[in-house]
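**Q** Model the following, please.
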Amino acid sequence: MKRYGIPQYQRQALPEAKASVYEALVGSPIPIYAGLQGICGPAPVYIALVDTAGEEDFIELVRSALLAALEALPPGALFGLITFSNKLGLHDLRSPTPAVRYIPIFESQPLLVPLAELMPLPALLTPVGAFKESITAALEALEPEQSIDRTRADASTAQPSGSANGTAPAVANGTAPPAAPGTQAPMHRGLAHGNAMRGFGAALLGVLDYLRGLQQPPFTSGPEGLGKAAVGAGAQAMADMLPPAQSPVHLLTFLSGLPDLGPGRLINPRKRRTAASLATQVVRMPENMQGSNGSVDAGSAAAQLRNLELQAESWQEDVSPQTRQFYEQASVAAASLGVCVDMFAISAGAVGLPVMEPVCNASGGAIYLYTSVDESALPQDVYRRLSGQHASAGLLRVRTSAGFKPVRVYGRLFADQQFDNLHHIISCDTSDTFAMDFEFTSKEGFLQEGVVTPTVQVAFQYTAVVPVSPTGGENGESAGGARESKGAHMQLQRRIRVATMRLAPSSDALEVLRNASTDAVVAVLMHKIMKAARAQGAAAARQLLRDWLVILATNYHRTTMPTASPQQLLSAQVDLNFVEAPPLQRLPRLVYALLRSPLLAPPAPGQHPDLTAFIEHLWACLPPQELITAVYPVLSSYSDPDTLALPRHSLSQAALLSSPAPIFLLDAYILVMVFYTARCPPTIPFPPPQSSALRKAIGAIRADRKISPMLRFAREGTEEAELFSALLLDEAEGHAPPGQSQGGGESAMFGLVQFLEHIRTEVGTQLRGETALAERK
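**A** Just a heads-up that it's a prediction; the model follows:
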């Protein structure tokens, strides 16, 4: 802080204060070399933790995604593959033939031995460039656990007694050739065959403990390796700290269902065993038992099995406080190690995201939810996730001029325990967004004596992996430390970016409203409402959101009529179109859409059990402009697949009926729908041709997204059209007005028109209450 303990005129001359955005290196870049002999330097680390208890189509999808990941990763990256079911497997990716070392996962305890004793971490992590072929072969050999068990059973019956190795592949018979130096003999599972269980918690805990090895050489470079020659002007003085450079770590987890084994299990294992036993009874029913008695027995077992499957939908009832605490502690462990955990869930049923989400949230990871394999864009999303720019080990510090201060920060970050207004960001990408609340330090606000132009300065210090051109410069240009990096594939850089924003204060409330950003207001509202929903429940959050809009509308009504008497205010029409403040005209509609969103609305029939947790995580990091699309979808119309008719419609049946266009495109951020109305001429092809303007618009939407949206085509009158109708948010639906219980009658049919009338009524009630209070005084 000594740097800023100087007179104001001198502070204004500092480079980070003169420029609105200023960026510089902190210390010298650390070169990362890759070759057949290995990798030298803190190379980025990517580990895939794959659920092999899934079905074959799930494994095939994950296999495709990991092959896409190989194309996204730089040659100097380190890649590791770990699988789990009722055992955990470490894959030797250097071996010319697939080889795995296993350790069992038990129901009530963590792994028997540390994974480092099964395979040293440097043996697991494999240079992508040098061993791409063997990594590809290992991925191609991935199989679901049931298939592996069947292969082993067949191989064991075909082998002579006492045979240690058969003709089956190494993955199938459990033996691994000694490919990597220092590895031990494989550990056999020794468990009964049958439906595989999912020991995700034990696997996650074991992997995080395994990754502690990254805090030691050769995966780190201490401060002595960070020279001062390339320090940007003043950047060293601005740095909050200069930690040892460590390999950035990305853990990609792939799940096909609820964890049901070992620490962190989310459903009662007794229910799981009973269901498996019933399924076995049905499958093994002898033919001579078929008939009246046999049919009754089989039918009874199947009915019990169906009942247990239905009970699985209420799996959260089985989750103990200890299990929730387990994942909270795992999130702390991941954050302390600097491990970014991504979760890719592919399942038509529950996976457990509401309980496991803290692991991704605390570590700066992302959550992806796919309700089916067929509609999943997993390979595209994995490629986009890994090929984009990322920052790790981030430090965010917010400073303000006199008169106000930051009090709350929202997003995937956490406060430092020692320094005020300093926050840690384990990992983030270019689209991650954070929000802040500020408060005045005195009643006078910016009018108090000595307050100059209000200024906010945000300093972000982070680590980035930057590719190096063959000449040694960063991205083909001369960069600091290029001499030391000649011949390197990448550099690990510590950078600092400083953004300085000078604000124009106003004492006129209407002028403030006229210059407000609706997108930013909705983003902050969303964070506040999510926090309220977690603490007080969705019903209380809905009430708070409605009250906020009522108070805003009341104050705006009063501001636009500064000389009106209380009676005149009561008799005047409440303007919810915000005619005097055009930027806020969309706000009531967006608040209404938030109330209808999965964050706050009761679950719709057939809604995925994990949808709310997924939406909450996704929306929390979206830029405001993208969040608005997610909250209130964009509806456009086309005269034909090549002609745009209107770029924006309201989400109502009236918009569909009043438009002469027969084709509509609905962008709901995670879903894109093309809807053909009944008046669409039969000569127009369905679905639209790949070369059409409509298809190009869809391609542009999908290319810009953080997550690839699902694509659906529907004709009016079909079953798919019901989903399109459900997304017309302006239409009345069966949710009661905010603050009222749900039930029959008119209150159960509540659309945008009814909502706006409800807010006007509440504004009148607020004004009458204030008038009565003033009269009593």
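**Q** hey, which helix or strand in the protein has the poorest pLDDT?
**A** Between all helices and strands in the chain, the lowest mean by mean pLDDT, DSSP states H and E belongs to helix 170-173, at a mean of 35.
**Q** After that one, which helix or strand is next?
**A** Next along the chain after helix 170-173, taking DSSP states H and E as the criterion, comes helix 200-210.
**Q** name the helices or strands packed onto that next one?
**A** With contacts taken as 3 or more CB pairs under 8 Å, 6 or more residues apart in numbering; DSSP states H and E, helix 200-210 sits against strand 45-51, strand 78-84, strand 87-91, helix 115-118, strand 249-255, helix 321-337. No exception for glycine: its C-beta is placed from N, CA and C like everyone else's.
**Q** Rounded mean pLDDT for the third one, please.
**A** Which is strand 87-91. Averaging pLDDT along strand 87-91 gives 95.
**Q** and that strand, which strands flank it?
**A** As defined by DSSP bridges, the strand partners of strand 87-91 come to strand 78-84 (antiparallel), strand 100-104 (antiparallel).
**Q** ditto for the fifth one
**A** In the sheet containing strand 249-255, the strands it pairs with under DSSP bridges are strand 45-51 (parallel), strand 339-346 (parallel).
**Q** Export the ones you listed as a markdown table, with columns for mean neighbour count.
**A** Output for these, formatted as a markdown table (neighbours: other CB atoms under 10 Å):
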| stretch | mean neighbour count |
| --- | --- |
| strand 45-51 | 25 |
| strand 339-346 | 26 |
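**Q** Redo those as CSV? Include mean pLDDT and distance to residue 453.
**A** CSV is the format used below for the strands paired with strand 249-255 (pLDDT from 0 to 100; distance: least, CB to CB, whole Å):
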stretch, mean pLDDT, distance to residue 453
strand 45-51, 96, 45
strand 339-346, 96, 38
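**Q** Could you check the ones you listed and tell me which one is nearest residue 465?
**A** Closest to residue 465 of the strands paired with strand 249-255, according to CB to CB: strand 45-51, at 10.6 Å.
**Q** what's the angle from the next helix or strand after the closest one to strand 78-84?
**A** Following strand 45-51 in sequence order, the next helix or strand is helix 56-72 (DSSP H and E). Orientation of helix 56-72 against strand 78-84 (axes from the mean of the first three to the mean of the last three CA atoms, to 10 degrees) gives an angle of 170 degrees.
**Q** Packing partners of helix 56-72?
**A** Packing partners of helix 56-72 (3+ CB pairs under 8 Å, 6+ apart): strand 45-51, strand 78-84, helix 132-140, strand 249-255, strand 339-346, helix 378-387.
**Q** Look at residue 577 and report its pLDDT.
**A** For residue 577, the pLDDT comes out at 93.
**Q** Identify the spatial nearest neighbour of it, chain neighbours not counted.
**A** Distance criterion CB to CB, 6 or more residues apart in numbering; nearest residue to residue 577, sequence neighbours excluded, is residue 585 at 5.8 Å.
**Q** Flag the shaky bits of the chain, pLDDT-wise.
**A** Within the chain, the stretches with pLDDT under 70 are 1-19, 35-38, 146-195, 216-245, 269-314, 448-451, 470-488, 734-749, 774-775, 777.
**Q** Give me the longest helix you can find in it.
**A** helix 752-776 (DSSP state H).
**Q** Next, the buried residues of that helix.
**A** For helix 752-776, burial by neighbour count (16 or more other CB atoms under 10 Å) applies to 752, 755, 756, 758, 759, 760, 762, 763, 764, 766, 767.
**Q** do stretch 108-122 as well
**A** For stretch 108-122, burial by neighbour count (16+ other CB under 10 Å) applies to 110, 111, 115, 116, 118, 119, 120, 121, 122.
**Q** Enumerate every residue touching the first one.
**A** Residues in contact with residue 110, defined by CB atoms under 8 Å, 6 or more residues apart in numbering, are 202, 205, 206, 262, 263.
**Q** Name the nearest of the residues you listed relative to residue 491.
**A** For the contacts of residue 110, with residue 491 as the reference and CB to CB as the criterion, the closest is residue 206, at 32.1 Å.
**Q** Endpoint to endpoint, stretch 575-584 covers what distance?
**A** Terminal residues of stretch 575-584 are spaced 11 Å apart (CA to CA, to the nearest Å).
**Q** Show me how far stretch 332-349 is from its chain's centre.
**A** Distance of stretch 332-349 from the chain centroid (CA atoms, centre = their mean, to the nearest Å) equals 9 Å.
**Q** now the end-to-end length of that stretch.
**A** 28 Å.
**Q** next one: stretch 510-521
**A** 16 Å.
**Q** list the buried ones in it?
**A** Buried residues in stretch 510-521, counting neighbours by 16+ other CB under 10 Å, are found at 513, 518, 519, 521.
**Q** separation between the third one and residue 49?
**A** Which is residue 519. Taking CB to CB, to the nearest Å as the measure, residue 519 falls 36 Å from residue 49.
**Q** Could you do the second one as well?
**A** To residue 49, residue 518 is 41 Å away according to CB to CB.
**Q** Name the nearest residue to residue 406, sequence neighbours excluded.
**A** residue 398 (4.7 Å).
**Q** doesn't the one you found fall inside a strand?
**A** Yes. The assignment for residue 398 is a strand, going by DSSP: H, G, I helix; E, B strand; the rest coil.
**Q** Residue 419 is in contact with that one, correct?
**A** No. Judged on CB atoms under 8 Å, residue 398 makes no contact with residue 419 at a distance of 11.3 Å.
**Q** More neighbours: these two, which one.
**A** residue 398 (19 against 13; other CB atoms under 10 Å).
**Q** Across the sheet, point out what pairs with that one.
**A** Note on residue 398: beta-bridge partners by DSSP bridges are residue 458.
**Q** contacting residues around it?
**A** Contacts of residue 398 (CB under 8 Å, 6+ apart): 406, 409, 421, 423, 436, 456, 457, 458.
**Q** Need these in JSON lines (columns: distance to residue 773, neighbour count and secondary structure).
**A** Putting the contacts of residue 398 into JSON lines (distance: CB to CB, whole Å; neighbours: other CB atoms under 10 Å; DSSP: H, G, I helix; E, B strand; the rest coil) gives the following:
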{"residue": "406", "distance to residue 773": "34", "neighbour count": "18", "secondary structure": "strand"}
{"residue": "409", "distance to residue 773": "36", "neighbour count": "17", "secondary structure": "strand"}
{"residue": "421", "distance to residue 773": "39", "neighbour count": "16", "secondary structure": "coil"}
{"residue": "423", "distance to residue 773": "42", "neighbour count": "20", "secondary structure": "strand"}
{"residue": "436", "distance to residue 773": "34", "neighbour count": "19", "secondary structure": "strand"}
{"residue": "456", "distance to residue 773": "37", "neighbour count": "17", "secondary structure": "strand"}
{"residue": "457", "distance to residue 773": "43", "neighbour count": "17", "secondary structure": "strand"}
{"residue": "458", "distance to residue 773": "42", "neighbour count": "18", "secondary structure": "strand"}
